[in-house]
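Trainee: Next comes the sequence, and after it the predicted model I'd like to discuss.
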Amino acid sequence: MRIGILQCGQSPAQLKPDLGDYPDMFMRLLDGRGFDFTTWHVEEMAFPDDIHDADGWLLTGSRHGAYEDHAFIPPLEDFIRRAHDAGVPMVGICFGHQIIAQALGGTVVKHPGGWAVGAQDYDFGGQPVTLNAWHQDQVVALPPGAQVAGRNAFCENAALIYGDRAFTVQAHPEFGDDFIQGLMDTRAKGVVPDDLLAAASARMGQADGASLLAERIEAFFKQPRALARADKGAA
């Protein structure tokens, strides 16, 4: 199964040599699960020609806000709507979670409660899951058809499911502790409050839910979809 990675942002330049860029992290997260990957760097306006150029789409994180004025956001939202309407499955992580919600009629804001950084505990339908996070923006109003699949007290809409068409997560299952530490060293100074950074440091090693999320992403992509097959065959 071919997964198209829509790269919406970039890893800090200081971290790329050792830890890779965002597509590299997702390839590691989903390694051994029967996927082939092709990346389009949509942040730099490199888009697929067609929504059927991959069997499913994975939208990465970004330092940009979904509500900000960037050239790649309107065509990305259009691509999301067309893929959704055709039943081509999408997975969105952090910014990807937010931009899918926004494109389909939801609302994303800079959360007045501030940041979530490092290991965070979530309730996925009664199953406790701890994942690394790095965000201030949140989805605060759901688009039509979206249902909450994961939440915690700080982030009510921490994971969303749109039937068999999209599965999105605010946290970062692809971020290891080494990358969280790298972000703390390169992007946090003067941005993230010191007490949150101290709390994140204290919880290093506790974000053990990445494999579970990888299983959920695999299962979501591989479930049968009659609409997507029919549309692709008619194209």
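Mentor: Good, I have the coordinates.

Trainee: Identify the residues contacting residue 93.
Mentor: Counting by C-beta atoms under 8 Å, 6 or more residues apart in numbering, residue 93 touches 26, 58-61, 168-169, 171-174. From N, CA and C alone the C-beta is placed, and that goes for glycine too.

Trainee: what residues are up against the closest residue to residue 174 other than its chain neighbours?
Mentor: Spatially, and ignoring its direct neighbours in sequence, residue 174 is nearest to residue 25 (3.9 Å; C-beta to C-beta, 6 or more residues apart in numbering). By C-beta under 8 Å, 6+ apart, the residues touching residue 25 are 11, 19, 174-175, 179.

Trainee: can you list these in a markdown table and add pLDDT?
Mentor: Below are the contacts of residue 25 laid out as a markdown table (pLDDT from 0 to 100):
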| residue | pLDDT |
| --- | --- |
| 11 | 96 |
| 19 | 96 |
| 174 | 98 |
| 175 | 98 |
| 179 | 97 |
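
Trainee: Might you specify the subset of the residues you listed located within helices?
Mentor: Among these, the members falling in helices (DSSP state H) are 19, 179.

Trainee: thinking again about what came up before, any idea which of the contacts of residue 93 is the one closest to residue 142?
Mentor: Of all the contacts of residue 93, residue 142 sits closest to residue 168, with 10.9 Å by C-beta to C-beta.

Trainee: and the closest one, what element?
Mentor: For residue 168, the element it lies in under DSSP states H and E is strand 166-169.

Trainee: who does that strand pair up with?
Mentor: If you go by DSSP bridges, strand 166-169 pairs up with strand 90-93 (parallel), strand 159-162 (antiparallel).

Trainee: will you turn those into CSV that also has mean pLDDT and distance to residue 46?
Mentor: Formatted as CSV, these follow (pLDDT from 0 to 100; distance: least, C-beta to C-beta, whole Å):
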stretch, mean pLDDT, distance to residue 46
strand 90-93, 98, 18
strand 159-162, 98, 25
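
Trainee: So for residue 135, which of the ones you listed sits nearest?
Mentor: strand 90-93 (10.3 Å).
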